[in-house]
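> quick one, structure for this:
(2 chains)
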Amino acid sequence: MTATNFLSDKDIVIIAYGEVKNELRSGKTATELTADVMVQLLAKTGLTNRDVDGFALLLPLSETGFPWYSNVVVENLGIQARWLQITDIGGCAILGNIARAAAALKCGMIEFAFCIHADAPSRPSVAEYFNYRSEFQEPAGYQGPLIAFGLMTDAYDQKYGLKPEALGRLAVAQRNGAVANENALEKLRKPITVDDYLNSRLVSEPMRLLDCVMRCDGANGVVVTTLERAKAMGVKKMVRLASYSEITNYDPTNSTPDAFETGFQVVGPDALNKAGMTPRDVDMFHPYDDFLIAMLLKLEQIGFCKRGEGSDYLMSTDFSPTGNLPLNTGGGQISAGQPGLAGGGLNVIEAVRQLMGEAGSRQVPNAKNALVTGIGVVPYFRNWGSSVAMVMEV
Amino acid sequence: MAEANKRPVPVPSHTSKPFWEAGKRGKFLLQYDSVAKKYQFFPRPVSIYSGSDKLEWREASGRGTLVARTNVQVPHRGFEKLVPFVLAAVNLEEGVRVVARLIGVSYDQAKHGMKVRICWEELSDGSRMFAFEPDM
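Next comes the predicted model:
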């Protein structure tokens, strides 16, 4: 674990966010969706594409077959990049890019980083998996996330006992957020009850349909720069980066780990410590949510509750915008839709939107900080591949 | 009528070729790091314990204990006719985790802690894929 916090000066800031509405079939490519977000970001900042010198993106599922995707994107956008970053740590790529952008800014390599993440999985899949995925998982019928999280849920239930109605409460809280979120997938903007959750069909038993995300097309992005430059521009609203922690391939020499032991027991406390915080100090929690169980595991491993007490914590905590721990107030991916690999941006954008006070009817009163997380990649039966956590402040 | 999707078959790599060759003879091999005195699975080009490329192939007992299971109701391509089926995560006696189909028992019969052993399924191209069955 690194001891220093490279963000301790709090002099790297997000000055704008952009997001397109999630759609089942947008008819657009990831490059076109990226352009939609860039146009929003330019309008908000008053910058032109000629001002953009740093650009970060992720490798979308819908473009994985294209080895020079990042070059083609900047060529389409008229951007001359002096720093071009493509990140492939799955749902961690967005926070990963913001952190990498912060490093490039602090080194003086660039003046602005546009971090834009788009995916259009409604297009024909070009993704191809190699190594253990094609050799040891696919021939066994081990389909990736659905199986991995089914096994993880079962292993957790066996060790600690899992209350399905507790996950149901979380599903309902997030769905209320999606109903209030105009950018959420329209199909999902209908309230649900705990019974709806409990009665949804089993897909990878013990997991239910409403434990999972629905794939869609979408895109999101932020502009990151230095505090000094933001002040010089006269920027009124900005969000400061306070700390960041990242880990990939946690505990690699343990060949029989419990599936639910994740990198969050490292990066959660690490990010909070570096920001001088404990879980009690967190005003809002915006966790990456591909499956409901992932949020329960993170709440335990970051330290919001004790290990094994996640179900009880979910039962006794109010996750609404006015509750004791506002959580994924825009619905998260589970209720707003998962725009492919860009899905990890939904919670990031919602945190920034809240901290800028622009969340409308779902605004969290007096939120001064947010803990935001990412999860990436399904490994060969062990937790998940990448875990990241960031503290943002105003 | 469209042909049914074929179940995916394993394509050996340079590293894993001995594993699949032995599988044809019903043997389940593991890589062994004789310095760290530990086994690893899946096959890798180096030891995850020491980084060394001095790895031996050793035949495993094929016996293990079920630590997690899921009932697969949404099939991967090529598994449409097999659903629902049970996928089990098993700790082998050699201290490695293997995930494979559990054959011969239903999801409700697949209990944590149950003893299982490796068996082999014949695939369309003549290759074989490992699975688990109850170890009576």
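> where are the low-confidence patches of the chain?
This is for chain A. Applying pLDDT under 70 to chain A flags residues A:1-3.
> not quite, go with chain B.
Looking at chain B by pLDDT under 70, you get B:1-3.
> show me where it has helices.
For chain B, the helices defined by DSSP state H cover B:17-24.
> who's in contact with the closest residue to chain B within the stretch 51-200 of chain A?
Distances between the stretch 51-200 of chain A and chain B by Cβ to the nearest Cβ are smallest at residue A:150, namely 3.3 Å. C-betas here are computed from N, CA, C, even on glycine. By Cβ atoms under 8 Å, 6 or more residues apart in numbering or on different chains, the contact set of residue A:150 is A:203-207, B:70-72, B:87.
> Serialize these to TSV and add fields for neighbour count and distance to residue A:9.
Listed next are the contacts of residue A:150 as TSV, based on neighbours: other Cβ atoms under 10 Å in any protein chain shown; distance: Cβ to Cβ, whole Å:
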residue	neighbour count	distance to residue A:9
A:203	18	46
A:204	27	45
A:205	19	49
A:206	19	46
A:207	27	43
B:70	31	46
B:71	21	51
B:72	25	50
B:87	28	48
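> ok, so of the residues you listed, who is nearest residue B:12?
residue B:87 (21.9 Å; Cβ to Cβ).
> tell me which residues touch the closest one, please.
Contacts of residue B:87 by Cβ under 8 Å, 6+ apart are A:140-142, A:147, A:150-151, B:69-70, B:72, B:99-102.
> that one bridge partners, please.
Beta-bridge partners recorded for residue B:87 (DSSP bridges): residue B:70, residue B:101.
> and if you look at residue A:390?
Residues in beta-bridge contact with residue A:390 (DSSP bridges): residue A:244, residue A:372.
> that one and residue A:241 touch, don't they?
Yes - using Cβ atoms under 8 Å, residue A:390 is in contact with residue A:241, at 6.7 Å.
> who touches both of the two?
Joint contacts of residue A:390 and residue A:241 (Cβ under 8 Å, 6+ apart) are A:98-99.
> got the residues of the stretch 101-250 of chain A near chain B?
A:131-132, A:134-143, A:146-147, A:150-155, A:158, A:201-207 (Cβ under 8 Å from any Cβ of the partner chain).
> and if we set it to 7 Å?
A:132, A:134-136, A:138-143, A:146-147, A:150-151, A:154-155, A:158, A:202-205 (Cβ under 7 Å from any Cβ of the partner chain).
> please, which helix or strand holds residue A:13?
Applying DSSP states H and E as the criterion places residue A:13 in strand A:12-19.
> who in chain B is up against chain A?
Near chain A, when you scan chain B using Cβ under 7 Å from any Cβ, you find B:8-11, B:13, B:16, B:40, B:42, B:48-49, B:67-74, B:76, B:79, B:82, B:85, B:87, B:89, B:91, B:95-97, B:99-101, B:107, B:112, B:129.
> are any of those buried, and which?
Neighbour counting by 16 or more other Cβ atoms under 10 Å in any protein chain shown classes B:8-10, B:13, B:16, B:40, B:42, B:48-49, B:67-74, B:76, B:79, B:85, B:87, B:89, B:91, B:96-97, B:99-101, B:107, B:129 among the residues of chain B next to chain A as buried.
> contacts only, for the spatially most central residue of chain A.
Using Cα atoms, centre = their mean, the residue of chain A that lies closest to the mean C-alpha position is residue A:344, 2.8 Å off. For residue A:344, the contacting residues are A:91-94, A:288, A:374, by Cβ atoms under 7 Å, 6 or more residues apart in numbering or on different chains.
> which two in those are spaced the farthest apart?
A:93 and A:288 (10.8 Å).
> name the nearest residue to the residue nearest to the centre of chain A, ignoring sequence neighbours.
Spatial nearest neighbour of residue A:344, excluding adjacent residues (Cβ to Cβ, 6 or more residues apart in numbering or on different chains): residue A:91 at 3.5 Å.
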